[in-house]
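[1] take a look and give me a structure for this.
(chains A and B)
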Number of protein chains: 2
Amino acid sequence: MLGVVMIESKDNPKIKKYFKLLHKKSCRDDLNRFTLEGVRVLKDALESGIVFDDVFITKSCISKIRHTEYDISNLCEYDVISDKVAKHISGVDRSQGAFAIASKPPGILAQDISNSDFVLALCFIQDPGNLGTLIRTADAFGFSKIVLSGCCDIYNPKVVRSTAGSLFRVSFLECFDFLSFLEDVDLKKYAAVVDEAALPISELDLKGEGAVLVIGNEANGLPSEIVKECDKKITIDMSGAANSLNAAVAGAVCMYKFREVRKRGF
Amino acid sequence: MLGVVMIESKDNPKIKKYFKLLHKKSCRDDLNRFTLEGVRVLKDALESGIVFDDVFITKSCISKIRHTEYDISNLCEYDVISDKVAKHISGVDRSQGAFAIASKPPGILAQDISNSDFVLALCFIQDPGNLGTLIRTADAFGFSKIVLSGCCDIYNPKVVRSTAGSLFRVSFLECFDFLSFLEDVDLKKYAAVVDEAALPISELDLKGEGAVLVIGNEANGLPSEIVKECDKKITIDMSGAANSLNAAVAGAVCMYKFREVRKRGF
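    Take a look at the predicted model:
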């Protein structure tokens, strides 16, 4: 515990900083910081080596987590905040009352990609829930490096929440010239498309090589110039009446299949 | 076009009815009606035989959809509403200005299930986005009958939206005694679980038989008494650091795999 006095005012400079970081991407970019909420997320972040500037916990939260596996109050210094302040800075309906301002971990470099097994490349994913779910799924299926181009901010609080801790276990490369990246990367590139002429993923064969799986925007898919730069077009064989899938679902089914094919030794 | 006068008041009885149906499950249950928003959703519903009581469209929407494939103004009678009224009854940030009150289509009976190929059974799915995505994915992979037990309302506007029209193409059985249903149904039942002792879905063999895929709650999975009543426990083989998947993602990967195994003739 840091201060002896509870923070009860929204105008406290630390609280004002948290609030700005929560709501403004420009502030997160300028300060190279982001916000976290929830005891489990805070614990996941600490365990993954994320560095906290400030931690805020309500009294009721401290007593709830005491003697549980989620007792983060022993792991870091914190300020006690009032329930009213907690409500003010919370991004969810039922806040647990635990918050942190953290430093963004460093990204990876383009040259770190080429000696990878599986890489996920996301182009123009706009929905924070979809982006978070894709990151969580990538972590589950061993796509530990993620390339982002034109996506929404991975430190958007909705993204952070829906990654369920996976945000801190995978590495990111923010890519401003995605075409050049694709040209340069020394792995086979697979563009996920809705196209009957593409290879059905049920027939995927990776020939033991590393792969970049490229997933596009929710509504428009991948731009044609990006598809052209990839080695193969793959598609999910469907059979029902719907002719499209949610982007996070499509990405997940492809990632599962890549993992399964590799497990079989191909 | 129905009335010659534009509806400009929130207190119009039809608008008040829409507003209640939008926000209250009890009202949807009592009146056996639900709400729809968006030109594409309205068109999907009409094409699937959904019956509308009332349709509301803004002037700007009518001129936008004229001469497009989404021109629903020729397909049904409607009232013109002001932009202010549209904003009042909209459930999204950027409304297109098209709304309908529709009759719920009839559900299916338990005896309609046994001669099915693939059935999706959802227990205690609480998040509307997850439920909608599961319904959309079921439609894509040929799980055209869905059993619901203790889930959130399929006519919740967030569910309707995230099904992307699939809501009207699959059939539902609302099940109050799910255990008895499982006992009685004459198909093989597969419980999706997070359990290393379960069968990895990469080794799934359906032996040409029909199947019920059972998916549980986002946080707690399936209750043990339901898992016990199933014929087989299946699990998604993961390889990364995350040890769980979003419920909609887990359901989607399983459904894809069932469809793939069937396509191979097993």
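[2] poorly predicted segments of chain A, please.
    By pLDDT under 70, the weakly predicted segments of chain A are A:1-4, A:240-241, A:266.
[3] and it, which residues reach chain B?
    By Cβ under 8 Å from any Cβ of the partner chain, the residues of chain A that approach chain B are A:129, A:133, A:136-144, A:162, A:164-166, A:169, A:202, A:236-246, A:248-249, A:252-253, A:256-257, A:259-260, A:263-264. Yep, even glycine has a C-beta here, placed from its N, CA and C like the rest.
[4] make a PyMOL selection of the buried ones in these.
    The following PyMOL line selects those of the residues of chain A next to chain B that are buried, judged by 16 or more other Cβ atoms under 10 Å in any protein chain shown:
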select buried, chain A and resi 129+133+136+137+138+139+140+141+142+143+144+162+164+165+166+169+202+236+237+238+240+242+244+245+246+248+249+252+253+256+257+259+260
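[5] got the CA coordinates for the longest helix belonging to chain A in PDB?
    As assigned by DSSP state H, the longest helix anywhere in chain A is helix A:247-263. Taking Å, rounded to 0.1, in the frame of the first residue of the first chain, the C-alpha atoms of helix A:247-263 are listed here in PDB:
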ATOM      1  CA  ALA A 247     -13.700 -12.900 -38.600                       C
ATOM      2  CA  ALA A 248     -12.600 -14.200 -35.200                       C
ATOM      3  CA  VAL A 249     -14.300 -17.500 -35.900                       C
ATOM      4  CA  ALA A 250     -12.800 -17.800 -39.400                       C
ATOM      5  CA  GLY A 251      -9.300 -17.100 -38.000                       C
ATOM      6  CA  ALA A 252      -9.800 -19.600 -35.200                       C
ATOM      7  CA  VAL A 253     -10.800 -22.400 -37.500                       C
ATOM      8  CA  CYS A 254      -7.800 -21.800 -39.700                       C
ATOM      9  CA  MET A 255      -5.400 -21.600 -36.800                       C
ATOM     10  CA  TYR A 256      -6.800 -24.900 -35.400                       C
ATOM     11  CA  LYS A 257      -6.300 -26.500 -38.800                       C
ATOM     12  CA  PHE A 258      -2.700 -25.300 -39.100                       C
ATOM     13  CA  ARG A 259      -1.900 -26.700 -35.700                       C
ATOM     14  CA  GLU A 260      -3.600 -30.000 -36.500                       C
ATOM     15  CA  VAL A 261      -1.800 -30.400 -39.800                       C
ATOM     16  CA  ARG A 262       1.600 -29.700 -38.100                       C
ATOM     17  CA  LYS A 263       0.800 -32.100 -35.300                       C
END
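[6] what segments of the stretch 151-266 of chain A are helices?
    A:157-162, A:178-184, A:224-229, A:247-263 (DSSP state H, counting those that start in this stretch).
[7] buried deepest among those, which one?
    Comparing the helices of the stretch 151-266 of chain A by mean neighbour count (mean count of other Cβ atoms under 10 Å in any protein chain shown), helix A:247-263 ranks first with a mean of 24.
[8] for that one, packing partners?
    Applying 3 or more Cβ pairs under 8 Å, 6 or more residues apart in numbering or on different chains; DSSP states H and E, we find helix A:247-263 packed against strand A:118-123, helix A:128-140, strand A:188-192, strand A:211-215, helix B:128-140, helix B:247-263.
[9] show me the contacts for residue A:130.
    With contact taken as Cβ atoms under 8 Å, 6 or more residues apart in numbering or on different chains, residue A:130 is in contact with A:218, A:246-248.
[10] equivalent analysis for residue A:56, please.
    For residue A:56, the contact set (Cβ under 8 Å, 6+ apart) comprises A:7, A:14-15, A:18, A:78-81, A:85-86, A:89, A:98-100.
[11] surely residue A:98 and residue A:38 touch.
    Yes: counting by Cβ atoms under 8 Å, residue A:38 is a contact partner of residue A:98 at 6.2 Å.
[12] so these two - more neighbours on which side?
    With neighbours defined as other Cβ atoms under 10 Å in any protein chain shown, residue A:98 and residue A:38 compare such that residue A:98 has more, 27 against 24.
[13] now the end-to-end length of stretch A:238-250.
    Start-to-end span of stretch A:238-250 (Cα to Cα, to the nearest Å) is 11 Å.
[14] quick one: contacts of it?
    Residues outside stretch A:238-250 that contact it (Cβ under 8 Å, 6+ apart): A:125, A:127, A:129-130, A:133-134, A:137, A:192, A:194, A:215-218, A:236, A:253, B:133, B:136-144, B:162, B:164-166, B:169, B:246, B:248-249, B:252, B:259, B:263.
[15] cool, stretch A:259-266 as well?
    Contact with stretch A:259-266 is made by A:117-118, A:141-142, A:204-208, B:202, B:237-239, as judged by Cβ under 8 Å, 6+ apart.
[16] any chance of those residues in a markdown table with distance to residue B:47 as columns?
    Putting the contacts of stretch A:259-266 into a markdown table (distance: Cβ to Cβ, whole Å) gives the following:
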| residue | distance to residue B:47 |
| --- | --- |
| A:117 | 44 |
| A:118 | 40 |
| A:141 | 36 |
| A:142 | 41 |
| A:204 | 34 |
| A:205 | 39 |
| A:206 | 40 |
| A:207 | 43 |
| A:208 | 46 |
| B:202 | 37 |
| B:237 | 39 |
| B:238 | 39 |
| B:239 | 42 |
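[17] how close does residue A:203 get to residue B:221?
    32 Å (Cβ to Cβ, to the nearest Å).
[18] compare neighbour counts for those two and give me the winner.
    Using other Cβ under 10 Å, the more surrounded residue of residue A:203 and residue B:221 is residue B:221, with 21 against 9.
[19] how far away is that one from residue A:119?
    Residue B:221 sits 30 Å away from residue A:119 when distances are taken as Cβ to Cβ.
[20] again, but for residue A:145
    As judged by Cβ to Cβ, residue A:145 and residue A:119 stand 5 Å apart.
[21] the more surrounded of the two?
    residue A:119 (23 against 19).
[22] all the helices of the stretch 1-150 of chain A, in order from the start?
    Shown for the stretch 1-150 of chain A, the helices assigned by DSSP H, counting those that start in this stretch span residues A:13-23, A:25-31, A:39-47, A:59-65, A:83-89, A:128-140.
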